[in-house]
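Q: would you be able to build a 3D model of this:
(chains A, B, C and D)
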Protein chains: 2
Amino acid sequence: MKPKISDVAKVAGVSPTTVSRVLNNRGYISQETRDNVERAMKKLNYFPNDVARSLFNKRTNLIGIIVPQTSNPFFGELTFHIESICASLHYKVLLCNSLNRVDKEKSYWEMLMRNQVDGVIAVTYNRGLVNAHEKPLPIVTIDHYLSPTIPVVSSDNYAGGVQATELLIAKGCQHILHINGPLKLETPANLRRKGYETVMQEHGRTAITYEIANALNRGEQQKVIAQLFREHPQVDGIFASDDLIAATLIAEAQKYGKHIPKDLKVIGYDGTETCQTLLPSLTTIRQPIELIAQKAVEVLLKEIEGDYEQEEMDICLPVQLIEGTTT
Amino acid sequence: MKPKISDVAKVAGVSPTTVSRVLNNRGYISQETRDNVERAMKKLNYFPNDVARSLFNKRTNLIGIIVPQTSNPFFGELTFHIESICASLHYKVLLCNSLNRVDKEKSYWEMLMRNQVDGVIAVTYNRGLVNAHEKPLPIVTIDHYLSPTIPVVSSDNYAGGVQATELLIAKGCQHILHINGPLKLETPANLRRKGYETVMQEHGRTAITYEIANALNRGEQQKVIAQLFREHPQVDGIFASDDLIAATLIAEAQKYGKHIPKDLKVIGYDGTETCQTLLPSLTTIRQPIELIAQKAVEVLLKEIEGDYEQEEMDICLPVQLIEGTTT
DNA sequence: CTGAAAGCGCTTACAG
DNA sequence: CTGAAAGCGCTTACAG
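A: The predicted structure is shown next:
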């Protein structure tokens, strides 16, 4: 059996109370008792049981993070940074892959509540989630508006959309299209499209957006892209709302005999490390992923500690254009 | 305050014991009491506290997973699958990004013990880890031998190395090199090199392997690649031990004016979904990532449930050659 | 079919 | 400076 505090107490010849005190460094303990207890802990290879501690303290130091899926490079990197930062602050991370599915979001949410997480970082859609529970946990979302009372961290999607579109125009594209994920969802990510539309309008162009219902599915992507080429054979510039779509686009374009960037210029979005390594030629708008993670954790911890300030409801971080050879 | 079992009991007009019984569906309860209790739970929006449950049951349904970093597509996909499978089996996942650093592995390991995880899936190096603790948890590793008593799940690295090398030879390469991660570590991944060396020898060729000390660092990769091109200008075939290295290789080769596949053929390793999307042209050896995740979870749960069988100590899964246009 | 009691491993007032 | 007692929210023998 794993040793418990009373075992240590017995070996050290003190009470469990005293052991607990040296463990938590609380109250006065004589150096001698302290040494005794520490020797006993070492001898028994004792580790405190955090489950018992959490029960008493009503604090788990656990946070939940809900992402669509860590296999997507953007979420994989985001998850990495969030977990790393949390670990450095002595928080532990319970991971949830929601696949953007409402049923999964719901059951994960309930799981996190049952496990008494101190807070959650959500990169997920479902709006009803939060209101459904009377006593919402501290929560912060990334790129998704869940409710007006929940803080959001995102990068400057509007500016990203503007920059991407302006670049295509500057490069001389005449027929510029946009491909996006599911549009009905009210996410800041839709601001990318807004940026695109605004710039197009300013230049007297018609904005046309193709929607991929399930952006995580590559087959779905190919279908929409095929349709796009069919309906707009004259297209010579495309702003894709993420790098994976852009990559699929490039592969499909080659099948149609379109040369990139001569016949068709493509710009993506996200600029993950992975994409910079695997497809360094891609022009893209880079999101400051690590910074997003940092801010999200920072805001969440403030909520948890209770010194949360109103002005931090909506944090918007700068993006950066990275020019490759696809434009 | 969150409602607890005694609150529910009060509302339902029964004892806490009874509430617990309907919660766990244990023992006999009259339909009427059951309905009463359920109504009370709904009314109070009650959710059981899993921390308290875990304390009593000495079972958390929590497993730890330690990977180098989820931002790497291979580990991102592996993590996704492991977590998804666990969720479907009502296990929760505590995520740890070790960066292959011994200090982090150690502190994560201790953290997992304190949190009373039921088991851990480790994709990590440190050998001393396990022996250091008298009472090791149920554990399974992926692609890493920690100790002879710990089961390993991996794909057929030797066959992968053989297939990769044979392909380059079949394509007419005369000077074939290999780039690998840190070689001193006794991982099944080194079998890839063994496969390479064996085939080279069979064909009377000299096997030469370049080592990247920190495979997670792209700057490091570039340095080694530059050295490789300097020392072996006549190289015309390279087997890279993962797809990211292969991608960096391809980018560097272009700087040296080498045309791929005419002047230089490149084959990678892993074949993640992400890589198939971002760099579909890459020839590679695909690991069955989802299957690896499945087996790892399966073996771990058997250890946890206690019906673990000896013959499953070393599970080796088949790999698959995927031919792109880089060979 | 239901409840009172004890206990999971810890911590914190409260005494001394 | 140290210890006995009570309790965190739950569950399981044990009675009835």
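Q: in chain A, where is pLDDT below threshold?
A: Across chain A, the ranges flagged by pLDDT under 70 are A:126-135, A:183-186, A:188, A:215-216, A:308-311.
Q: now the closest residue to chain B within it: how far from residue B:172?
A: Distance from chain B to each residue of chain A (C-beta to the nearest C-beta) is smallest for residue A:76, at 3.3 Å. For the C-beta atoms, the positions are set from N, CA and C on the backbone; glycine is no exception. Computed as C-beta to C-beta, to the nearest Å, the residue A:76 to residue B:172 distance reads 37 Å.
Q: between these two, who's got more neighbours?
A: Neighbours around residue A:76 and residue B:172, counted as other C-beta atoms under 10 Å in any protein chain shown, are more numerous at residue A:76. The numbers are 29 against 9.
Q: excluding covalently adjacent residues, which one is nearest to that one?
A: residue B:76 (3.3 Å; C-beta to C-beta, 6 or more residues apart in numbering or on different chains).
Q: quick one: what helix or strand has the one you found in it?
A: Using DSSP states H and E, residue B:76 sits in helix B:73-88.
Q: that helix packs against which elements?
A: helix A:73-88, strand A:92-97, strand B:62-67, strand B:92-97, helix B:243-255, helix B:273-278, helix B:289-305 (3 or more C-beta pairs under 8 Å, 6 or more residues apart in numbering or on different chains; DSSP states H and E).
Q: residues of it that come out buried?
A: Buried positions in helix B:73-88, judged by neighbour count with 16 or more other C-beta atoms under 10 Å in any protein chain shown: B:73-87.
Q: so whichever helix or strand residue A:177 is part of, near chain B or not?
A: Here residue A:177 is covered by strand A:176-180, with elements defined by DSSP H and E. No: on the criterion C-beta under 8 Å from any C-beta of the partner chain, strand A:176-180 is out of touch with chain B, staying 14.4 Å away.
Q: that strand packs against which elements?
A: helix A:157-170, helix A:190-202, strand A:208-211, helix A:218-231, strand A:237-240.
Q: got the contact list for that strand?
A: Strand A:176-180 is contacted from outside by A:165, A:168-169, A:189-190, A:192-193, A:196, A:200, A:205, A:207-212, A:224-225, A:228, A:232, A:235-241, A:245, A:249, using C-beta atoms under 8 Å, 6 or more residues apart in numbering or on different chains.
Q: flag every residue of chain A that's near DNA strand C.
A: Residues of chain A that fall close to DNA strand C, judged by C-beta under 7 Å from any atom of the strand: A:1-2, A:4-6, A:16-17, A:20-21, A:23-24, A:26, A:48-49, A:52-53, A:55-57.
Q: what's the distance between residue A:29 and residue A:21?
A: Taken as C-beta to C-beta, the span from residue A:29 to residue A:21 is 6 Å.
Q: same question for residue A:316.
A: 47 Å.
Q: taking the stretch 151-300 of chain A, what residue is nearest to DNA strand C?
A: Residue of the stretch 151-300 of chain A nearest DNA strand C, by C-beta to the nearest atom of the strand: residue A:300 (22.7 Å).
Q: which residues sit in contact with that residue?
A: A:63, A:119, A:120, A:121, A:138, A:139, A:140.
Q: same thing but at 6 Å, please
A: Applying C-beta atoms under 6 Å, 6 or more residues apart in numbering or on different chains, we find residue A:300 in contact with A:119, A:121, A:140.
Q: which of these sits closest to residue B:153?
A: residue A:121 (30.2 Å; C-beta to C-beta).
Q: the closest one bridge partners, please.
A: residue A:65, residue A:140 (DSSP bridges).
Q: ditto for residue A:155
A: Judged by DSSP bridges, the bridge partners of residue A:155 are residue A:317.
Q: if we can go back for a sec, and the contacts of the helix holding residue B:76?
A: A:69-71, A:76, A:95, A:97, A:274, B:65, B:67-68, B:70, B:93, B:270, B:272, B:274, B:289-290, B:293, B:297.
Q: try it again at 7 Å.
A: Helix B:73-88 has contacts (C-beta atoms under 7 Å, 6 or more residues apart in numbering or on different chains) with A:69-71, A:73, A:76, A:95, A:97, A:274, B:63, B:65, B:67-70, B:92-93, B:95, B:121, B:123, B:270, B:272-275, B:289-290, B:292-294, B:296-297.
Q: and what of stretch A:119-126?
A: By C-beta under 7 Å, 6+ apart, stretch A:119-126 touches A:63-68, A:75, A:78, A:82, A:98, A:100, A:102, A:105, A:112, A:137-144, A:146, A:185, A:296, A:300, A:303-304.
Q: can you turn the buried part of those residues into a PyMOL selection?
A: Buried residues within the contacts of stretch A:119-126, by 16+ other C-beta under 10 Å, are selected in PyMOL with:
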select buried, chain A and resi 63+64+65+66+67+68+75+78+82+98+100+105+112+137+138+139+140+141+142+143+144+146+296+300+303+304
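Q: now, which of the contacts of stretch A:119-126 lie close to DNA strand D?
A: Counting by C-beta under 7 Å from any atom of the strand, no member of the contacts of stretch A:119-126 reaches DNA strand D.
Q: could you list the domains of chain A?
A: A:5-48, A:57-154+A:290-317, A:157-287 (automatic domain parsing).
Q: what's the end-to-end length of the second one?
A: Using C-alpha to C-alpha, to the nearest Å, the end-to-end distance of domain A:57-154+A:290-317 comes out at 36 Å.
Q: that domain: how far from the chain's middle?
A: With C-alpha atoms, centre = their mean, to the nearest Å as the basis, domain A:57-154+A:290-317 stands 8 Å off its chain's centre.
Q: cool, the shortest one as well?
A: Its chain's average C-alpha position is 41 Å from that of domain A:5-48, according to C-alpha atoms, centre = their mean.
Q: span of that domain from start to end?
A: Termini of domain A:5-48 sit 7 Å apart (C-alpha to C-alpha).
Q: that domain vs DNA strand D: in contact?
A: Yes: using C-beta under 7 Å from any atom of the strand, domain A:5-48 reaches DNA strand D at A:14, A:15, A:16, A:17, A:18, A:21, A:27, A:28, A:29, A:30, A:32, A:33.
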